[in-house]
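[1] got a structure for you, letters missing:
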């Protein structure tokens, strides 16, 4: 591999970064993919790790295995701390690395909107560690409650509050309800399950804001049938680990708060010193470049295309990755870069067994067929045949046997 | 369930404790099984988690799922801190619990023989956390070495020292060699694998002391063919995280020390105030009772039957569990208790693909058939059909594709 070819540094091995690297397979460039983890994480199924349906290992795939087939790409596991746009260096905790082109696909992180007490006591659902922590927390509360004689304490242990009515919150609430009602109920035969409460708190007036309104209503209805208490207009400014204080003044005694109410761009983009939009997203032009530094592209959750504020979801990142790879090819060949135009094919969310809601182009539907579509779409998107097989096996097992096999408390 | 029936408390959900609970299925007693974890761990395969062959979740099984079918048993996840033999109370971090009969099946923990520096810087192989830590450590060293320019530093990162030539050390060394030579070699195409060293240090003059001597020699020979440097008469008194100091005065620059050189009884048995043998094991009489407190039985790694010092292996604990369950039945019925006599059916250790050594009654053999026997015996001993299926699938996958799919660094 010659070192005189241009060096493309891609930061982030999520959906966007990985797709960008793969799409540059045949370009005459040298690619370095940087991530702080050595695996690609299939984030849409994190909530199933949190609710004991899948093992953490099932939704993570070694980056080096993916890059084995690609001769122009290398991997570097490290943490990026900043970008020096003048000297064109990526700064990391283990040293600097120069670039000719830089693709920032750093994604997002949990956003607690500055609420320290909530950040400290709640569990997020953005990293593998988050999901394992959430699983440990949920299962530990049942073990504690099983031996707790004080009824108020026991009820607080068995009250699970999920904040955020987007896909993560909705899917977590549905999966948690099924974990408790279908599986844990058999594990704790002496426990009174009327003490269990699951609340889903949403700040606005409907769930799944990205879906057509009738599907939002279906979703709320299905969740309520699963004994999830869905509340609208609920804002959570404070949680001390024992009491959740709502903005309305109401207090809820609960030990577990799962925070699915906000994402923001990873902090490293703040070092660029360029214009940022809502949630810290970097503003890029229609060709996905920074206006000031055309050698820097930003895609996915960390980017906002000027005039096109798009949702922070995988399809956006993946489509942008293809455009960036093509634009680097065009740049190398001295051609004019192409603009990014998002093709919105739809949205999906599952609420539990046989239940999902789907928007597909202009059609909307829910129920069993939407659920099958959800299963299929997620399975084919998982990287690696082995992981796909394991996920399918776990799903089939849990479906037939009403089981969640991974209900293990594995603390640090 | 009446509370006037005798209460049997079993501490430890390992092979012995679990078997004891199951064997008391039909006894007119109320059983409480206590463990600090909510899962039964299949310890013999921990080294495969450490070497990225199996997911942590594959070898752990929820205790409550096992006990679902047993109406006279309940589970209590807590940590036992002591035993009050006078008042007949088990003391735990979450309160006391009285017993009529007590079965201590607390097992063993890693024994660093008082060497603080080794305890601080090395990784053990006794708990699920140990195995995950070992996996993280091994894979992280490769990631660091891939970018390290200083050759001495790089070699220290790629030097893996395993201390202890028993089954755990031997199996770890073989599996680590195959992980590196067959899998990681493809992940790091630019790395010079002549920098990699695996050392297996044994204090005595042969490996697998529980095996006939010819098999020990075969084992050493197979490991050396796998490029494991096997050294005898090597004692490790000090490791500062960068240099391993041998008793001979030799220094080895290495970042990774896997400690498989010693086990001791769990510290809780020290609170009994009774006679203890080598490695802290409690001395029990032939009926597995404490001489002073006949209502207390001790089995497995934490016990030494007077006059029968047996190895700390699962078959001993399992056989003792059956005897204890029967002795409690006899005690309830006013009959004379039976003595425990160990039936040694053999021993098995695997050294890698197609390679194992086996002693079966008076026969000894090695090679492919021993390996198939090892696979079969381990598969049938794993609790739960699903885990058995997952382990089998992982083994088949790794065998056919020369892969170790779980090479993920998942730090705390």
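    Cool, got the structure. Not measured: the values here are computed from a predicted model.

[2] Spell out which residues of the stretch 251-400 of chain A are next to chain B.
    A:384, A:386-387, A:389-390, A:393, A:397 (C-beta under 8 Å from any C-beta of the partner chain). To be clear about C-beta, it is placed using only N, CA and C from the backbone, and glycine gets the same treatment.

[3] most neighbours, which of those residues?
    Neighbour tally across these (other C-beta atoms under 10 Å in any protein chain shown): the maximum, 24 neighbours, falls on residue A:390.

[4] Please tell me the pLDDT value assigned to that residue.
    On pLDDT, residue A:390 comes in at 87.

[5] now it, nearest residue through space, not along the chain?
    Nearest non-adjacent residue to residue A:390, counting by C-beta to C-beta, 6 or more residues apart in numbering or on different chains: residue A:58, 4.7 Å away.

[6] got the contact list for the one you found?
    By C-beta atoms under 8 Å, 6 or more residues apart in numbering or on different chains, residue A:58 lies in contact with A:45, A:49, A:387, A:390-391, A:394, B:55.

[7] ranking those by neighbours, who comes first?
    Among these, the one with the most neighbours (other C-beta under 10 Å) is residue A:49, at 26 neighbours.

[8] Surely residue A:212 touches residue A:365?
    No - counting by C-beta atoms under 8 Å, residue A:212 does not reach residue A:365; the two are 10.4 Å apart.

[9] and the nearest residue to residue A:326 once chain neighbours are set aside, how many neighbours?
    Closest residue to residue A:326 apart from its sequence neighbours, by C-beta to C-beta, 6+ apart: residue A:338 at 6.3 Å. Around residue A:338 sit 13 other residues, with neighbours defined as other C-beta under 10 Å.

[10] which bits of the stretch 51-200 of chain A sit near chain B?
    Checking the stretch 51-200 of chain A against chain B by C-beta under 8 Å from any C-beta, the hits are A:55-58, A:60, A:62, A:64-65, A:68, A:74, A:76-78, A:94-95, A:128-129, A:132, A:139, A:143, A:146-147, A:186-190.

[11] Let's see which of these end up in strands.
    Using DSSP state E, the members of these that fall in strands are A:60, A:62, A:74, A:76-77, A:95.

[12] If any of these are buried, put those into a PyMOL selection.
    Selection command for PyMOL covering only the buried members of these, criterion 16 or more other C-beta atoms under 10 Å in any protein chain shown:
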select buried, chain A and resi 60+62+74+76+77
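
[13] that older thread, quick check: the gap between the residue nearest to residue A:390 and residue B:88.
    45 Å (C-beta to C-beta, to the nearest Å).

[14] what do you get for residue A:84?
    Relative to residue B:88, and taking C-beta to C-beta, residue A:84 is found at 69 Å.

[15] Show me which of the two is the more surrounded one.
    Neighbour count, other C-beta under 10 Å: between residue A:84 and residue B:88, residue B:88 has more, with 18 against 14.

[16] check contacts around that one.
    Neighbouring residues of residue B:88 by C-beta under 8 Å, 6+ apart: B:98-100, B:102, B:295.

[17] And for residue A:118?
    Going by C-beta under 8 Å, 6+ apart, the list of residues near residue A:118 reads A:112, A:236-239, A:257, A:259.

[18] Which residues does the nearest residue to residue A:324 once chain neighbours are set aside form beta bridges with?
    Computed as C-beta to C-beta, 6+ apart, the closest residue to residue A:324 that is not its neighbour in sequence is residue A:297, at 4.7 Å. For residue A:297, the beta-bridge partners under DSSP bridges are residue A:103, residue A:289.

[19] Tell me how many other residues surround residue A:297.
    For residue A:297, using other C-beta under 10 Å, the count is 29.
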